[in-house]
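Peer 1: All I have is the shape, not the residue letters:
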């Protein structure tokens with residue numbers, strides 16, 4: 001099968017958007033799903049607090065989009081992590097641990113969930129600044145520990161986070177998604193999602209449940 005010019009297969013670190021982006025990229029060993037407002041941040045905080053979170057329950061209560069990307073990623077056989085601003089460095093460490101466990105070069109696709117506008121199958125994926133920054137934070141953390149064979153798309157996301165890191169709180173509250181949540185009385189959730197490296201735990205999808213990656217490895 002001929003490689004697509006858009007599958008980023010020549011790179012270890014890859015980046016795209018939504019379920020279509022996941023399909024567009026070459027299959028990866030690890031997929032990190034980033035849905036900052038609110039799927040990744042909410043589940044990450046709950047798992048960091050010692051909970052296990054049923055995927056279907058979180059999908060229904062928090063986000064149909066990020067959850068759908070995670071389900072599609074799991075169907076490929078990849079290890080599926082949830083990444084966000086809150087746990088970016090922890091995700092990078094988990095990716096490195098996974099590579100060490102495999103004792104082989106590990107390919108990583110980071111998928112920004114974006115936002116879906118419209119009903120059902122007619123919904124259109126919208127760019128979301130919070131997911132761009134969340135993905136960039138994970139890429140920057142991966143590069144900091146030496147995993148830096150990045151596609152141009154991944155490198156651009158990383159540099160976006162680096163350049164805007166000091167403004168992340170403002171950007172999340174001022175973004176369309178942030179404003180929508182502020183209008184719904186969820187300001188505290190937006191502010192919590194904007195905290196960089198607040199959590200040291202990485203949710204991994206295992207048998208339909210989000211659990212701490214460290215707990216899975218301890219079994």
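Peer 2: Yes, it's here. Please read all numbers here as calculations on a predicted model, not as lab measurements.

Peer 1: For residue 66, list the residues it contacts.
Peer 2: Applying C-beta atoms under 8 Å, 6 or more residues apart in numbering to residue 66 gives the contacts 33-35, 39-40, 82, 113. Every C-beta, even on glycine, is put in place using the N, C-alpha and C of the backbone.

Peer 1: any idea which helix or strand carries it?
Peer 2: helix 64-75 (DSSP states H and E).

Peer 1: before we move on, the earlier item: tell me the most packed of the contacts of residue 66, by neighbour count.
Peer 2: residue 34 (34 neighbours; other C-beta atoms under 10 Å).

Peer 1: any idea how far the helix holding residue 66 is from the chain center?
Peer 2: Per C-alpha atoms, centre = their mean, to the nearest Å, the displacement of helix 64-75 from the mean C-alpha position of its chain is 11 Å.

Peer 1: what do you get for stretch 102-110?
Peer 2: In terms of C-alpha atoms, centre = their mean, the gap separating the centre of stretch 102-110 from the centre of its chain is 16 Å.

Peer 1: buried ones in that stretch?
Peer 2: Of the residues in stretch 102-110, those scored as buried under the neighbour-count criterion (16 or more other C-beta atoms under 10 Å) are 106-110.

Peer 1: How about stretch 82-97?
Peer 2: Counting neighbours by 16+ other C-beta under 10 Å, one finds that the buried residues in stretch 82-97 are 82-96.

Peer 1: Of the residues you listed, which is the nearest to residue 159?
Peer 2: For these, the minimum distance to residue 159 (C-beta to C-beta) is 14.6 Å, reached by residue 88.

Peer 1: The closest one contacts residue 141, correct?
Peer 2: Yes - here residue 88 reaches residue 141: they are 4.7 Å apart, a contact under C-beta atoms under 8 Å.

Peer 1: So what's the residue count around residue 99?
Peer 2: Summarising burial for residue 99: neighbours were counted as other C-beta under 10 Å, giving 18.
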